[in-house]
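Enquirer: Return a 3D structure for these sequence lines:
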Amino acid sequence: YNMVDMVIAGRFAGPSAISAINNSSQILVIITKIAIGITTGGCVLIAQFYGGKEDRSREEAAGTLVSLSAVLGIAFSVILAASSGGILRILQAPAYDEAVLYLRICSAGMFFVYIYNAFSSMLRAVGDSRTPMRIVIATTILNAVLDLVFVAGFGMGVAGAAWATVIAQVLSALLSLAAIMKEKELIRFTREFLRIRMGMLKQTLKVGIPSAVQMTIAGFSWLLVTFLINRYGTDVSAGNGVAIKIKDLCQLLISAMSTGAVSVIAQNLGAGLYDRAKEVMYTAMKMAVVVSLATIVIVEFAGPWLAAIFTDDRTVIAGAVLNMRIEIIGQIFYAIFMIYHSMMIGAGHSTFAMMSSFTNCIIFRVILAITFEKIWGLEGIYIAHQDQITYVKDDYQCLVTKKRKPGKVGIATGGGSGHLPLFLGYVGDGMLDGCSVGDVFQSPSAEQMHAITKKIDTGAGVLYIYGNYNGDIFNFDMAAEMADFEDGIR
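Expert: The predicted structure follows:
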């Protein structure tokens, strides 16, 4: 839902809306992952009872899970509504007011998020993973339609996007309830069925808490990364948000395979089919690795076009592409990592998965994020040559030299990336004064070349050097006209 919100809000409300939704969604993801983790504990328990044909125990586990989820959903709704401002202040969210508004409205949907996850876990525990998928698809489409109505039609900005999300979450809970009601043996709305049984609660939490901690450790590590990136301003924060959503989309199939594998592995272990459980793990791992390799290729080649779905702001797109092309390489390791966790969680050893995530997300991600941010910042090349070059208007694709001589004709060039990946290497003392690198096989825009022209002009005019391509000819000529008309630069 947050990704749909970001696409439509980014198009109709600008980079500040993307930044606001990005910061808020990092918090929402943590609370949602707690729901997924806790209900995974219930799913494992119900699946093991289902595989072992222990119907009474299965019913008791299901009733305990529903009631526990309802209590947690109400609690987190209240806590999130009360603490939204303080959390976002700690994160130093650039678009603070919009982020607080979005987060407070979305807090109203947390109860329904927990109810949906409880019901969908019960369905997956008995082998029905298609119904939860169909519900998510249907409500995501509804969310997109409502986003267009509220944000594009009524001009409600991030508030409209948030209300669209809450309505979709309510519908997801109702649809999952309707699906559960068809399975008479899964749920009965009686006081006896919904009573929380301490034995079942302990077993659910024994698997659920480590699973939730495992998932939220990753969320908290991303909060720190978001905090570090927020210090670079709204556009960079928005670019990070776009990159995160594309990365999340790429991980969706892997996460779905991992979740599905947990249920199937638990059922087989419950039935004593240990070799089959092992076979399920390896099959899921092979599929996940293939998917991860495909997403790496897609993102590396189509990164600029994927980012452009969210916004047409070139600065935001540049930051998103820089982020994506580095991070996406880790998908193959994420695939292996998650499927191994499925085996451990399905067997009830979720503490192992929790400690593995702690090592990955805290010891490695957090420490490396802090260290690399101090060493390189956003773009290592600017640090490596900070005495000679800088960029224009936070656009990492527009590079100019710091050493400009008064009265000297400025020299600038530009062109698409792909055929000349290190185009920016021509800028420096005794070389070019500026250049702009377009997207893959695309000319830099007239606006980018105009910005460079203004930056490198010292009063003697600017000379353009560019290839004989239609895009370059058009955009460079347009930039020259803009510089002449608006700034008197020839």
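
Enquirer: Ranking helices and strands of this protein by mean pLDDT, which lands last?
Expert: Using mean pLDDT, DSSP states H and E, the weakest-scoring helix or strand in the chain turns out to be helix 380-384, at a mean of 45.

Enquirer: Now V409: closest residue in space that isn't a chain neighbour?
Expert: Once flanking residues are discounted, V409 sits nearest to A460: 4.7 Å by Cβ to Cβ, 6 or more residues apart in numbering. All C-beta spots, glycine's among them, are computed from the backbone N, C-alpha and C.

Enquirer: Which of the three states applies to the one you found?
Expert: Here A460 is recorded as coil under DSSP: H, G, I helix; E, B strand; the rest coil.

Enquirer: Spit out the contact partners of it.
Expert: Counting by Cβ atoms under 8 Å, 6 or more residues apart in numbering, A460 touches G407, K408, V409, G410.

Enquirer: Any chance of a markdown table for these, columns distance to P15, secondary structure and pLDDT?
Expert: A markdown table is the format used below for the contacts of A460 (distance: Cβ to Cβ, whole Å; DSSP: H, G, I helix; E, B strand; the rest coil; pLDDT from 0 to 100):
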| residue | distance to P15 | secondary structure | pLDDT |
| --- | --- | --- | --- |
| G407 | 38 | coil | 82 |
| K408 | 35 | coil | 86 |
| V409 | 35 | coil | 90 |
| G410 | 29 | strand | 90 |
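
Enquirer: Please compute how far the helix or strand containing Y340 lies from its chain's middle.
Expert: Assigning secondary structure by DSSP states H and E places Y340 in helix 331-346. Between the centre of helix 331-346 and the centre of its host chain there is 19 Å, according to Cα atoms, centre = their mean, to the nearest Å.

Enquirer: Next: stretch 121-140.
Expert: On Cα atoms, centre = their mean, the centre of stretch 121-140 falls 21 Å from that of its chain.

Enquirer: Stretch 306-324 now?
Expert: With Cα atoms, centre = their mean as the basis, stretch 306-324 stands 13 Å off its chain's centre.

Enquirer: Kindly report the same for stretch 274-283.
Expert: 30 Å.

Enquirer: in that stretch, what's buried?
Expert: For stretch 274-283, burial by neighbour count (16 or more other Cβ atoms under 10 Å) applies to A277, V280, M281.

Enquirer: Now do the helices in the stretch 1-150 of the chain.
Expert: Listed in chain order, the helices of the stretch 1-150 of the chain (DSSP state H, counting those that start in this stretch) span 2-13, 15-51, 55-91, 96-106, 110-125, 130-147.

Enquirer: Save these as a markdown table, and put in mean neighbour count too.
Expert: Listed next are those as a markdown table, based on neighbours: other Cβ atoms under 10 Å:
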| stretch | mean neighbour count |
| --- | --- |
| helix 2-13 | 24 |
| helix 15-51 | 27 |
| helix 55-91 | 18 |
| helix 96-106 | 23 |
| helix 110-125 | 27 |
| helix 130-147 | 18 |
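
Enquirer: what about those, which gets the closest to F337?
Expert: Set against F337 and scored by Cβ to Cβ, the helices of the stretch 1-150 of the chain come closest in helix 15-51, at 15.5 Å.

Enquirer: re earlier: any idea how far P406 is from the residue nearest to V409?
Expert: Here the criterion is Cβ to Cβ, to the nearest Å. By it, A460 lies 8 Å from P406.

Enquirer: repeat for V66
Expert: Separation of V66 from P406 (Cβ to Cβ): 75 Å.

Enquirer: if we can go back for a sec, out of the contacts of A460, give me the one that has the most neighbours.
Expert: Taking other Cβ atoms under 10 Å as the neighbour criterion, G410 ranks highest of these with 25 neighbours.

Enquirer: closest to L175 among the contacts of A460?
Expert: Proximity of the contacts of A460 to L175, judged by Cβ to Cβ, is greatest for G410, which lies at 61.4 Å.

Enquirer: what's the pLDDT at the closest residue in space to G461 that isn't next to it in sequence?
Expert: Closest residue to G461 in three dimensions, ignoring its sequence neighbours and counting by Cβ to Cβ, 6+ apart: R490, at 4.9 Å. Confidence at R490, expressed as pLDDT, is 82.

Enquirer: Kindly list the main-chain dihedrals of the residue nearest to V409?
Expert: For A460, the backbone dihedrals are phi -110, psi 10 (criterion: degrees, to the nearest 10).

Enquirer: is it true that A212 touches K33?
Expert: Yes: counting by Cβ atoms under 8 Å, A212 does reach K33; the two are 6.8 Å apart.
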